[in-house]
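Visitor: Generate a structure from the sequence data that follows.
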Amino acid sequence: MPLDDIAYRILDVLRENGRVSIAALAEKVGISRANAYTRVESLVHDGVITGFSARVDPAKAGLSIGALVFVTVMPQAWASFRERIMEMPDVEWCAITTGEHDAMLLIRAVDVSGVHEFSTGVIAQLPEVRTVVSVVVLDEVIRRSYLLPSDLPERSVEVPLGMTRWTPASPGRDTLPPR
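Guide: Got it, this is the predicted structure:
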């Protein structure tokens with residue numbers, strides 16, 4: 001089912017404080033406690049809310065270096081690449097991408113040598129991997145837990161054709177099993 005305005009208001013409140021009580025959530029959204037409880041449960045059941053967790057500052061937790069690792073995968077090796085990446089505790093985030101590289105990983109390390117060891121000693125050694133490029137993150141300017149449609153401004157700017165370069169997917173990427 002599509003989300004209504006109340007569901008978006010609930011998500012907006014939870015984005016700021018996932019530990020808010022149901023009573024406080026109901027008051028902020030302008031609905032009854034019973035309705036707030038039922039709606040949150042429904043959002044969880046429908047998979048809109050996928051979990052609740054603490055936001056941790058990686059540097060204060062001891063992981064002061066972040067790096068983006070761009071990976072080009074060998075054709076026909078996608079399934080095993082995905083399985084291997086999902087098992088790696090070093091990877092905070094992974095996305096399959098268009099463009100020059102096939103995947104982008106966000107990793108965390110104690111120091112720069114940890115980034116080097118992971119990039120060249122772990123990722124580059126995978127038989128599924130053709131190339132690896134690592135970029136150390138100097139400053140994380142913004143990190144939102146998630147965006148809502150209401151966050152996006154309306155734009156009436158005409159974008160000229162040719163400003164975005166799309167690279168077609170490698171053979172076999174379209175046959176990946178669903179997550």
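Visitor: Leaving out the residues flanking it, which one is nearest to the residue of the chain positioned farthest from its centre?
Guide: Distance from the centre of the chain peaks at residue 32, with 32.6 Å (C-alpha atoms, centre = their mean). In this structure, residue 32 finds its nearest non-sequential neighbour in residue 26, 6.0 Å apart by C-beta to C-beta, 6 or more residues apart in numbering. In short, each C-beta sits where N, CA and C put it, glycine included.
Visitor: Near the one you found, how many other residues are there?
Guide: Neighbours of residue 26 under the rule other C-beta atoms under 10 Å: 21.
Visitor: same question, residue 118
Guide: Residue 118: 22 neighbours (other C-beta under 10 Å).
Visitor: The helix or strand containing residue 134: partners in the sheet, and parallel or antiparallel?
Guide: Element membership for residue 134 (DSSP states H and E) is strand 129-137. Paired neighbours of strand 129-137 in the sheet (DSSP bridges): strand 65-73 (antiparallel).
Visitor: May I have the partner strand exported as PDB, CA atoms only?
Guide: This file holds the C-alpha atoms of strand 65-73, laid out as PDB (Å, rounded to 0.1, in the frame of the first residue of the first chain):
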ATOM      1  CA  ILE A  65      39.400   6.200   8.800                       C
ATOM      2  CA  GLY A  66      36.700   5.800   6.200                       C
ATOM      3  CA  ALA A  67      37.300   4.800   2.600                       C
ATOM      4  CA  LEU A  68      35.300   4.200  -0.600                       C
ATOM      5  CA  VAL A  69      36.400   1.200  -2.400                       C
ATOM      6  CA  PHE A  70      35.400   1.000  -6.100                       C
ATOM      7  CA  VAL A  71      35.400  -2.500  -7.500                       C
ATOM      8  CA  THR A  72      35.200  -3.800 -11.100                       C
ATOM      9  CA  VAL A  73      33.800  -7.400 -11.100                       C
END
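Visitor: Tell me the helix or strand right after that strand.
Guide: Using DSSP H and E, the helix or strand that directly follows strand 65-73 along the chain is helix 78-86.
Visitor: where does this protein dip in pLDDT?
Guide: Scanning the chain with the threshold set as pLDDT under 70 gives 159-179.
Visitor: now the helices: where do they sit in it?
Guide: Under the criterion DSSP state H, helices of the chain are mapped to 5-16, 22-29, 33-45, 78-86, 112-118.
Visitor: okay, the angle between the longest one and helix 22-29?
Guide: I take that to be helix 33-45. For helix 33-45 against helix 22-29, the angle by axes from the mean of the first three to the mean of the last three C-alpha atoms, to 10 degrees is 100 degrees.
Visitor: so how far is helix 33-45 off the chain centroid?
Guide: Remark: helix 33-45 is offset 25 Å from the chain centroid, using C-alpha atoms, centre = their mean, to the nearest Å.
Visitor: buried sites along that helix?
Guide: Residues of helix 33-45 classed as buried: 36, 39-40, 43 (neighbour count, 16 or more other C-beta atoms under 10 Å).
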